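Engineer: got a predicted model here, sequence first, then my questions.
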Amino acid sequence: MTAETAVPGLAVSAVGVVLVAFSMRQAVSGVPPLLRDLGLTPSLESWLVTIPVLCFSLGALAGPRLRACFGEERAILAMLALLLSGLLARAAWPELALFPGTILAGVAIAVLNVLLPSVVKRRFSNNVGFMMAAYTTAMTTGAALGAGLTVPALRAAGGSVQVGLVIWAIPAAVALLAWMPQARADAPPPRTAGAMTGESIWRRPFAWHVMLFMGFQSLLYYGPLSWLPAIYRDRGVDPADAGFLLMLFNACGVVGNLTAPVLASRLPDQRPAVAVAIAFTSVGLLGILLGPTATAPIWAVVLGIAQGASLSLALLLIVLRSADSDVAARLSSMAQAGGYAIAACGPLAMGWLHAATNSWTTPLLLLLAVSAAIWIPGMVAGRNVQIGGQAGPR
């Protein structure tokens, strides 16, 4: 029996993908609302919000090897168990395990980031746009809930940081249970005839543009994700309201998640969709920089929609630019290893610049500079070509 027939039907697989995606961002988005309650120095705060993104980069390199050794389904199950362990550890012993638990969770999410697009490419090849929309929508919804409900949970528990951290282990546990039927796959998927052979994908210039687009858009997401509550708390906004802005930012990303991949997958190429997403990102960042606090929800909505669309497009481009699921796994590993290494610079640089200037102006100007630079890889990666076929781009 092959791996393709050993796993449950498409409906069960689709539910599994959605539940896994839902659990993949609370480990990150649930921390910024708690930063001021963890008793950390500004430097440690910067590292805490940066560590997951660094782990996304380093852990992504392990994705293809784990896929080859165990198959996608079993590797995903193992990573869900690792994610749950990290979340439980840091909640049970925050004084000792806050950073180690965050590292475990970050590595697990990194591998999941690589494997899920490959699963979508292999099992949902006729519905790629729809499944990428469902995948990214679930991920963004999970991030929004993590951002918006952490402070209320903290207050309901009498200020217990442990409760604020442990509640996000629940979705990971549910995803682990839901994915267990997928572990029936007893072999990694076979290579197909169109797969790349004998050449590293890192030697493909076109793949570098896909990676750079992934990296820049991720930086533009994780920068605000890590510091948006702090930006508005420093402007006098109540902590719960600042957390609500982060929830709004993530929740409105669902609009971009739902629309961008479905519409973009029907276009001759994806450059128009990429251009709209980049333009809205710049508008949202300018609003946060220049607008009064009363207009903060407007810019959270604009930036959220733009970033939801950008994330969906980045993941969609990995799938559409790959000739088969093997190439998709390799391109996903490259794009996310290199991309998240770039993205990790965002939260860290913003924290350092804020500490150096005692202002959020320079960190926001940095994000605006990145939103200008992303046009180049975005327009190249948006072209309708594939990597791995006989006529694949160099």
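Structural biologist: Received it, and whenever you're ready, just let me know what you need. Numbering: from 1, shown residues only.
Engineer: mind listing what's buried along stretch 214-226?
Structural biologist: 214-226 (16 or more other CB atoms under 10 Å). Using the backbone N, CA and C atoms, a C-beta is placed for each residue, glycine as well.
Engineer: average model confidence for that stretch?
Structural biologist: When pLDDT is averaged over stretch 214-226, the result is 90.
Engineer: and if you look at stretch 316-326?
Structural biologist: 82.
Engineer: wait, is G236 part of a helix?
Structural biologist: No - with DSSP: H, G, I helix; E, B strand; the rest coil as the criterion, G236 is located in coil rather than a helix.
Engineer: burial count for the residue lying closest to it once chain neighbours are set aside?
Structural biologist: Beyond its immediate neighbours in the sequence, the residue positioned closest to G236 (CB to CB, 6 or more residues apart in numbering) is T293, lying 7.1 Å away. Using other CB atoms under 10 Å as the criterion, T293 is surrounded by 14 other residues.
Engineer: what about the strand or helix carrying N250, average pLDDT?
Structural biologist: Element membership for N250 (DSSP states H and E) is helix 239-264. The average of the pLDDT scores along helix 239-264 is 85.
Engineer: what comes up buried for that helix?
Structural biologist: Buried residues in helix 239-264, counting neighbours by 16+ other CB under 10 Å, are found at 239, 242-264.
Engineer: let me see the ranges of the helices in the stretch 251-394 of the chain.
Structural biologist: Using DSSP state H, counting those that start in this stretch, the helices found in the stretch 251-394 of the chain span residues 271-290, 296-320, 325-357, 361-373, 375-381.
Engineer: which one of these lies closest to V18?
Structural biologist: Distance to V18, taken as CB to CB, is lowest for helix 296-320 among these, at 14.1 Å.
Engineer: please tell me how far that closest one is from the chain's geometric centre.
Structural biologist: The chain centre lies 11 Å from the centre of helix 296-320; the measure is CA atoms, centre = their mean, to the nearest Å.
Engineer: need the buried residues of stretch 214-226 in TSV with secondary structure and distance to V276, can you?
Structural biologist: Converted to TSV, the buried residues of stretch 214-226 look like this (DSSP: H, G, I helix; E, B strand; the rest coil; distance: CB to CB, whole Å):
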residue	secondary structure	distance to V276
M214	helix	18
G215	helix	20
F216	helix	16
Q217	helix	13
S218	helix	18
L219	helix	19
L220	helix	15
Y221	helix	16
Y222	helix	21
G223	helix	20
P224	helix	19
L225	helix	21
S226	helix	25
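Engineer: ok, back up a step: mind checking which of the helices of the stretch 251-394 of the chain is nearest V17?
Structural biologist: In this view, the helices of the stretch 251-394 of the chain are compared for proximity to V17 by CB to CB, and helix 296-320 is the closest at 12.2 Å.
Engineer: now that closest one against helix 271-290, angle please.
Structural biologist: Following axes from the mean of the first three to the mean of the last three CA atoms, to 10 degrees, one obtains 150 degrees for the angle between helix 296-320 and helix 271-290.
Engineer: tell me what helix 296-320 is packed against?
Structural biologist: helix 94-123, helix 128-156, helix 205-234, helix 239-264, helix 271-290, helix 325-357 (3 or more CB pairs under 8 Å, 6 or more residues apart in numbering; DSSP states H and E).
Engineer: quick one: which of the ones you listed is nearest L84?
Structural biologist: Checked against CB to CB, the stretch from the helices and strands packed on helix 296-320 lying closest is helix 94-123, at 8.4 Å.
Engineer: for the closest one, buried residues please.
Structural biologist: Buried residues in helix 94-123, counted by 16+ other CB under 10 Å: 94, 97-98, 101-123.
Engineer: doesn't G39 belong to a helix?
Structural biologist: No - secondary structure assignment places G39 outside any helix; it is coil (three-state DSSP).
Engineer: wait, A110 sits on G63?
Structural biologist: Yes - the pair A110 and G63 qualifies as a contact (CB atoms under 8 Å) at a distance of 7.5 Å.
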